[in-house]
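Q: can't give you the sequence, but here's the structure:
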């Protein structure tokens, strides 16, 4: 049997990540409209620049922080490699490489999505039209995910795709929490105040998790309950622990069901991370600080990506 | 001409094709109707049910679909990359079954002769010592690869994938304009055009006896398997592409998908222990057959262009050991050289003792004194072609050229006669084509594709290219050409 090309595995992994990133970014921007007010009632656009630690590049390009510039930078700017347009461009390039493997539906939808984004002009990314654009992006990302789920053949290719998607999702969930955490400090919205509650509420909506949260926590809309839900709930598809477990399962299946010898370090790393997350609770988070937990999570995710790349994507033999 | 057509077509030619007039040219569709081909008559009847507006609308929808499907080639400018579709004309080009069976035999004959020719010039070189083809024309040809004298080719099949460019003149006879024995492209459009017609124009296609084209991939796969080296029972087959930045990348995707083979780039392949391997998530796996879509010069930096990043270092060494098969073989370019082309009728006669089933366009070889004299004398009537160019570049069409253009080419021919051949002007046949809301005659050619493993199979029909500019005879996509679905109607 012919095995999956290492190059294809890498493209699949990143295609999964890039669409997930675009999806997450659209959610954050959309929700920011309603939840990111500072003490003076202005929307806090600057906070968004910290999401991907991009403030210096942004200022170099635009000089000052305006809502229009921040939205353009995140949504349409091709000079920003993490913008929605750039992410979908890269996802589409990966899909183009993968065309012999993926379904025609998967390719045409992503190709059409890319074209839709290329056809947009700056005015489409202004605050007034943001909600409409965010919906277009979310719907297209979700359609992509649905088509992938329904049509991508469940061999190694599928698990590389899903592993990338889940690692990115874990990363995005922690970033989202980080922004909320940092935003609270300078703004001085009092904990438990109406503003604070509405912000946490918005955070849940950003991950489409309000209804899920209410299944177990109805009436308990406290920051601590929400944090615990987003970090440690094993049944919510966008929680940190759920995403990390899914990534770890993918790797386990690749090794067990498809007899891949490589990746023992990566699987060991992910399993350990996963089990540590299961051991955590909010008491420990409060002791160590959310900031520290998030930093640690991001380091673990970066390390996992590096180990996966080294095991599977690095060309098996050097040319020299 | 349409007005002269009788009986079956007369009552129907009123709507869409009512004012269609192919003038002095041979019209593929109208002639088929005059020959009382039932399928062609039915096609005309169905076309006439459309108003031009409807046809334009459906045609635009079809173009959009090609774009979204990514049936595109990529044009690069300095600042950006633009995906373009090959312009698609929705009115099919028709061929009768009887006509096709002659072309089918003619293409097979030609491919057979080409493979025997290549086996000979990379082997005993009898045709050269017998003086049928000039020695220096072959051995001095820039596409002749001496390294192939040490390399055996399974079943003597050097040219596995072949495209023969045919044109039909005013007298209604097909002739061969050009052979494509290296990496002929365009077959993806043949199959995709058909699929598009079936989706976008079910009312035109429905229940007509059109020969299918969708088994191209299966045929290709079978041939490549037959050519696997030695006693490999389950060969691993790949298609080697220059990568996503190549303008024909879509076709590579298409071929890999249809044939069920792996699409690789040079960086995925690796030579070790006189074998070729590909790099997978489970380590190295041996590769036995490579359908390569990169030129000889870039295949192996050890032997050819040392700067090439597209190829595989050491590949030629593996070939010499007989551990891998390349399709097409290295060095086939000498057979589709425009000067060698002129000798093709004699080559067919030499190896097969048969006359060519499809004639060449009568060709003057300027390297020969007689041909040179004739060409210079009749320059304004002839089409002059530089032998080393492809894609329609550098061609001077005498009857359409200005005095200055004629003088320029005269000087070039005198300066280097061996670089030119000359042919009489062929009034290419036309086919009804939608142009800005009106159906008008446009010139067409035909490129049938042949696949050879042990035997040769020819895809029914082939690629019809159409010169979309009014009066233009140049069908190349780089110069304003488009394509049509090609129907062989039984």
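A: Good, I have the coordinates. Worth saying up front: this structure is predicted, and the values here are computed from it rather than measured. Numbers count the residues shown, from 1 in each chain, chains lettered A, B, ... in the order given.
Q: which residues sit in contact with the residue in chain A that chain B sits nearest to?
A: Closest approach between chain A and chain B, counting by CB to the nearest CB: residue A:3, at 3.7 Å. Yep, even glycine has a C-beta here, placed from its N, CA and C like the rest. The neighbours of residue A:3, taking CB atoms under 8 Å, 6 or more residues apart in numbering or on different chains as the test, are A:156, B:280, B:281, B:282, B:283, B:285.
Q: any idea of the mean pLDDT in stretch B:140-154?
A: For stretch B:140-154, mean pLDDT rounds to 93.
Q: Just the ones in strands from the contacts of residue A:3, please.
A: Taking DSSP state E, the ones among the contacts of residue A:3 that sit in strands are B:280, B:283, B:285.
Q: So which of the residues you listed is the closest to residue A:26?
A: Nearest to residue A:26 among these: residue B:280, at 35.0 Å, using CB to CB.
Q: Kindly state the beta-bridge partners for that closest one.
A: Residues in a beta bridge with residue B:280, per DSSP bridges, are residue A:5, residue B:283.
Q: gap between it and residue B:255?
A: Using CB to CB, to the nearest Å, one obtains 20 Å as the distance from residue B:280 to residue B:255.
Q: quick one, which of the two is more surrounded?
A: Neighbour comparison, residue B:280 and residue B:255: the larger count goes to residue B:255, with 26 against 22 (by other CB atoms under 10 Å in any protein chain shown).
Q: what's the closest non-adjacent residue to the more buried one?
A: Closest residue to residue B:255 apart from its sequence neighbours, by CB to CB, 6 or more residues apart in numbering or on different chains: residue B:239 at 5.7 Å.
Q: quick one: strands adjacent to whichever strand or helix holds that neighbour?
A: With the criterion set as DSSP states H and E, the secondary-structure element containing residue B:239 is strand B:237-240. Strand pairing for strand B:237-240, using DSSP bridges, gives strand B:262-264 (parallel), strand B:289-292 (parallel).
Q: Kindly compare burial across those strands and name the winner.
A: Using mean count of other CB atoms under 10 Å in any protein chain shown, the stretch among the strands paired with strand B:237-240 with the greatest mean number of neighbours is strand B:289-292 (a mean of 26).
Q: how far does it sit from the chain's center?
A: Centre-to-centre, strand B:289-292 and its host chain are 19 Å apart (CA atoms, centre = their mean, to the nearest Å).
Q: And for stretch A:132-143?
A: For stretch A:132-143, the distance from its own C-alpha centre to the chain's C-alpha centre is 15 Å (CA atoms, centre = their mean).
Q: any idea which helix is longest in the chain?
A: I went with chain A, as the question did not name one. Using DSSP state H to define each element, chain A has its longest helix at helix A:156-187.
Q: meant chain B actually
A: Per DSSP H, chain B has its longest helix at helix B:97-121.
Q: Which strands and helices lie in contact with that one?
A: Of the remaining helices and strands, those touching helix B:97-121 by 3 or more CB pairs under 8 Å, 6 or more residues apart in numbering or on different chains; DSSP states H and E are helix B:126-129, strand B:161-168, strand B:174-180, helix B:344-352, strand B:449-452, strand B:456-458, strand B:481-489.
Q: swap the cut-off to 6 Å and go again
A: Packing partners of helix B:97-121 (3 or more CB pairs under 6 Å, 6 or more residues apart in numbering or on different chains; DSSP states H and E): helix B:344-352, strand B:449-452, strand B:456-458.
Q: looking at these, which is buried most?
A: Sort the helices and strands packed on helix B:97-121 by mean neighbour count, taking mean count of other CB under 10 Å, and strand B:449-452 sits at the top with a mean of 25.
Q: remind me which residues of the stretch 1-150 of chain B are low pLDDT?
A: Across the stretch 1-150 of chain B, residues meeting the criterion (pLDDT under 70) sit at B:1-14, B:75-81.
Q: Could I get the full set of strands for it?
A: In order along the chain, the stretch 1-150 of chain B carries the following strands (DSSP state E, counting those that start in this stretch): B:72-76, B:81-85, B:88-96.
Q: among those, which is nearest residue A:60?
A: strand B:81-85 (26.4 Å).
Q: Show me how far that closest one is from its chain's centre.
A: Centroid displacement of strand B:81-85 relative to its chain, using CA atoms, centre = their mean, is 22 Å.
Q: Tell me which residue of chain B lies closest to chain A.
A: Closest to chain A within chain B is residue B:280: 3.7 Å, counting by CB to the nearest CB.
Q: can you pull the pLDDT of that residue?
A: With respect to pLDDT, residue B:280 has a value of 94.
Q: Run through the residues that contact it.
A: For residue B:280, the set of contacting residues under the criterion of CB atoms under 6 Å, 6 or more residues apart in numbering or on different chains consists of A:3, A:4, A:5, A:6.
Q: ok, so of these, who is nearest residue A:147?
A: Each of the contacts of residue B:280 was scored against residue A:147 by CB to CB, and residue A:4 proved nearest at 20.0 Å.
Q: Number of residues surrounding the closest one?
A: Residues contacting residue A:4 under the criterion other CB under 10 Å number 22.
Q: Spit out the contact partners of it.
A: Applying CB under 6 Å, 6+ apart as the definition, the contact partners of residue A:4 turn out to be A:156, A:157, B:280, B:281.
Q: if we can go back for a sec, buried residues in the longest helix of chain B, which are they?
A: Within helix B:97-121, the residues that qualify as buried by neighbour count (16 or more other CB atoms under 10 Å in any protein chain shown) are B:99-100, B:103-104, B:106-121.
Q: Give me the angle between it and strand B:161-168.
A: Here helix B:97-121 runs at 130 degrees with respect to strand B:161-168, directions being taken by axes from the mean of the first three to the mean of the last three CA atoms, to 10 degrees.
Q: picking that back up, can you redo the contacts of residue A:4 as JSON lines with distance to residue B:424?
A: As requested, the contacts of residue A:4 are arranged in JSON lines below (distance: CB to CB, whole Å):
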{"residue": "A:156", "distance to residue B:424": "59"}
{"residue": "A:157", "distance to residue B:424": "55"}
{"residue": "B:280", "distance to residue B:424": "55"}
{"residue": "B:281", "distance to residue B:424": "58"}
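Q: now, the most widely separated pair of those residues?
A: The most widely separated members of these, counting by CB to CB, are A:157 and B:280 (11.7 Å).
Q: three-state assignment of residue B:383?
A: On the three-state scheme (DSSP: H, G, I helix; E, B strand; the rest coil), residue B:383 is labelled strand.
Q: now residue B:229
A: The assignment at residue B:229 comes out as coil when based on three-state DSSP.
Q: gap between it and residue B:323?
A: From residue B:229 over to residue B:323 (counting by CB to CB), the distance is 6 Å.
Q: before we move on, what about residue A:104?
A: When CB to CB is the yardstick, residue A:104 and residue B:323 sit 35 Å from each other.
Q: which of those two has more neighbours?
A: When residue A:104 is set against residue B:323 and neighbours are counted by other CB under 10 Å, the residue ahead is residue B:323, at 19 against 12.
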